[in-house]
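> predicted coordinates and the sequence they were generated for:
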Protein chains: 2
Amino acid sequence: MRVSEARQWDRLMQMARLGAIPGDGVNRAALTDLDQQSRRLLLSWAMPLGLQPSVDALGNLFLRLEGTEPGLAPVLAGSHMDSQPKGGRFDGIWGVLAALEAVQAIIEAGIAPRRAIEIVAWTNEEGGRFAPGCMGSMGFSGFRPPGTWDDVKDRDGLRFGDELARLLAAESDIPRRPLGFTPHAYVEPHIEQGPLLEAEGLDIGVVTGIQGSRWFLVEIAGKTDHAGTAPLSLRQDAVQDMLRAINALNALMADPTDVLRFTVGRVEVFPNSSNTVADLARFSIDFRHPEAAVLTERGDAIAATIHGALKTCRATVTETFHALPARFDPAIQAAIAAAAQAEGYGAKALPSGAFHDAQFLVPICPTGMIFIPSRGGISHHPAEYSSASQTARGAQVLARVLVQLAAG
Amino acid sequence: MRVSEARQWDRLMQMARLGAIPGDGVNRAALTDLDQQSRRLLLSWAMPLGLQPSVDALGNLFLRLEGTEPGLAPVLAGSHMDSQPKGGRFDGIWGVLAALEAVQAIIEAGIAPRRAIEIVAWTNEEGGRFAPGCMGSMGFSGFRPPGTWDDVKDRDGLRFGDELARLLAAESDIPRRPLGFTPHAYVEPHIEQGPLLEAEGLDIGVVTGIQGSRWFLVEIAGKTDHAGTAPLSLRQDAVQDMLRAINALNALMADPTDVLRFTVGRVEVFPNSSNTVADLARFSIDFRHPEAAVLTERGDAIAATIHGALKTCRATVTETFHALPARFDPAIQAAIAAAAQAEGYGAKALPSGAFHDAQFLVPICPTGMIFIPSRGGISHHPAEYSSASQTARGAQVLARVLVQLAAG
């Protein structure tokens, strides 16, 4: 059983033309015409293989390879097809095409799996057009009711509910299935979006879980003053107190093991005039760690650290997101590691720094992820890249894992 | 010779209705219809006093009280009538109305000055609509040729040259005078825009000069990364290196005497997304000091301080403005101090932190400024406030100074 490196690469490059942007990037937002075209292109490859398509109420698209015992829970594998606004050619879409490639290799090898294998393309993982992301997988797993996001609007004022209805109407020729079921297992192939596999020259990441995240928005309120007249001793300078707060947070978040992720990525200052002392500074905190204890301990200390660091201003600290770490199933991890070893590929266990649809499958079935290297660790950017052979090795490992899981 | 507190206050409040905004503020930009209305209102008070109006090619408006020796160089006093977009009721306009009040008190006292006294309202001091500010005084003093700013556009795309021509056409009934002359002296009354007079319970600031300013724009370029995946040790985080740069600048600018002014008022971060490591951070530096040596020494060290502070990114440091300190004439300062003492007002010598039209008069004639207290040091804000008695005391001091200078 061998996947085809050339065929998979050709499909990746065909998909990359749908929404192509300068610098080899892709802009293919969920529920757009381009999204519809990419799903039709996927179907054009799946149908000749005899896969059975179906769509649920959230637009999640399934392609089923029937098993010899159709009544058993199927093995599910896939990812998403939407991209970031200035995204790359691999994030998400490779996971769907890898699942297709693995299933095609299984068929071509004449293997008849006991359980059905279903390829899935989840709706709106990125959340770039309609926030939040992972709507398809959250609705599928019952984490949120399916109508939750109907009134979410994109920048043009279009409603998620309306755009979803438009997609479903355009795909009325595809059989509809009920939303949600309990898979036997779920495996998601994805690019690493980080530099570790490339740095160590490895082929496969056996993902141990998705680290937990806590997001905060901090507002520091001071007093506006004339930059030429107000003595520094009398100021309530929001920029300077923001500086003190982030300095103190850097100390709180210090981690010699380099596992902790602490990012201030958004900063806004008002009135934002060069000769006026700012009376308001706003910044974001993105704090992630694979261990719940660290996430709780240091995250709970954030507000007090900020309040203690301020000299003259007042701070408001709001937690905007709190997700505990998700741990992937040890048996799935073992199956991925064994498959990589059997193929002679270099592999290592590592946590995922980014969110994935997989985290919403963890509560309902044994779940795992397969990572392949990302050049330079770059993702959510046109320069995102994994080579043809790297994508092929990832698909080859997936094929082995699917055969094993579908026999179980 | 006594100025009228009630009359001056009434005029201030009438002027404040032209462009009134919520919270007692004023938005009266240069060369707007509101600006024209405020000039007509000023003329409606000046003409019955027998003052002779004239306008030069830059729209600077003069009101002349003739002297007994008309051939002598006149004494000039005034300020500007335009406001910041969210400005107050006193910045600029009080200086013009104080000059009018002083001249009216001189007339009412039956004093016939040897030299003419001219009230001036300079065009576009604030620079909020057409940048830079102080166009009228810069053109008057020959610091810049009068056509320099014709192509400067406001937010609506209107040209300064066209809007100036519109004003001059609307004021074609007012005699035109040549641009520029050499006054015997120039005195500008203005609110302090700082907290020092109020803090010490004083009435009058004898302004020693205008501190020098150096402005810089700093851009720090790093590399964008995924906040969840990129290890902190591998990042080129522009926000973190901006933090290091400002920390180092704070150390460079430390001043136990609290005379130095150092402000980072503008901060912008790109892509400014909470879960993305920033690859670009931009911030402004506004550095002011009354001593040229300090301004040169520390200002020249700014770029090296920033470059030395960065850990992983590259910085571009651009100096956008460099004005050496201006020193006011000792004899004018002495005249202001003597007038305050004669009236029994508390006074102190202090430098101006803000720019004023007066700095462009320094090279062409003996120049000085009279400050009155600003409540809370607040300026460029609707809450800007000086009391009726404070404005009256300032005008009273000006009247004494004008009488003395016009006799010289």
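Arrived safely, thanks for sending.

> report the beta-bridge partner residues of A:Ala349.
Note on A:Ala349: beta-bridge partners A:Val206, judged by DSSP bridges.

> number of nearby residues for it?
As a burial measure, A:Ala349 scores 13 neighbours (other C-beta atoms under 10 Å in any protein chain shown). All C-beta spots, glycine's among them, are computed from the backbone N, C-alpha and C.

> now it: how far from chain B?
15 Å (C-beta to the nearest C-beta, to the nearest Å).

> now do A:Ala199
For A:Ala199, the distance to chain B equals 8 Å [C-beta to the nearest C-beta].

> count the neighbours of A:Thr182 for me.
A:Thr182, neighbours per other C-beta under 10 Å, totals 10.

> SS state for it?
Under DSSP: H, G, I helix; E, B strand; the rest coil, A:Thr182 falls in the coil class.

> next one: it from chain B, what distance?
The gap separating A:Thr182 from chain B is 28 Å, by C-beta to the nearest C-beta.

> now do A:Leu168
Using C-beta to the nearest C-beta, A:Leu168 is found at 30 Å from chain B.

> what of A:Asp156?
Taking C-beta to the nearest C-beta, one finds A:Asp156 at 20 Å from chain B.

> ok so that residue is a strand residue?
No. Using three-state DSSP, the assignment for A:Asp156 is coil, not a strand.

> which pLDDT does the model give it?
In this model, A:Asp156 is scored at 91, pLDDT.

> kindly report the same for A:Arg144.
Listed pLDDT for A:Arg144 reads 89.

> for it, give me its contacts.
Counting by C-beta atoms under 8 Å, 6 or more residues apart in numbering or on different chains, A:Arg144 makes contact with A:Met135, A:Met138.

> checking it next. Helix, strand or coil?
coil.

> which parts of the stretch 101-250 of chain A sit against chain B?
Contact residues (C-beta under 8 Å from any C-beta of the partner chain) of the stretch 101-250 of chain A with chain B: A:192-196, A:211, A:213, A:215, A:217, A:224-234, A:237, A:239-240, A:243, A:246-247, A:250.

> from the residues you listed, list the buried ones, please.
A:192-196, A:211, A:213, A:215, A:217, A:224-232, A:234, A:237, A:239-240, A:243, A:246 (16 or more other C-beta atoms under 10 Å in any protein chain shown).

> that older thread, which of the residues of the stretch 101-250 of chain A next to chain B fall within helices?
The members of these that map onto helices under DSSP state H are A:Leu196, A:Val239, A:Gln240, A:Leu243, A:Ile246, A:Asn247, A:Asn250.

> list the contacts for the last one?
Residues counted as contacts of A:Asn250 (C-beta under 8 Å, 6+ apart) are A:Phe262, B:Gln240, B:Leu243.

> and if you look at the fifth one?
By C-beta under 8 Å, 6+ apart, the contact list for A:Ile246 reads A:Val264, A:Phe283, B:Val239, B:Leu243.

> kindly state the pLDDT recorded for it?
For A:Ile246, pLDDT reads 98.

> against A:Pro271, how distant is it?
According to C-beta to C-beta, to the nearest Å, A:Ile246 stands 21 Å off from A:Pro271.

> other SSEs contacting the single longest helix found in chain A?
What stands out as the longest helix in chain A, according to DSSP H, is helix A:388-407. Judged by 3 or more C-beta pairs under 8 Å, 6 or more residues apart in numbering or on different chains; DSSP states H and E, helix A:388-407 is in contact with helix A:5-16, strand A:75-80, helix A:93-108, strand A:185-191, strand A:204-210, helix A:330-343, strand A:367-372.
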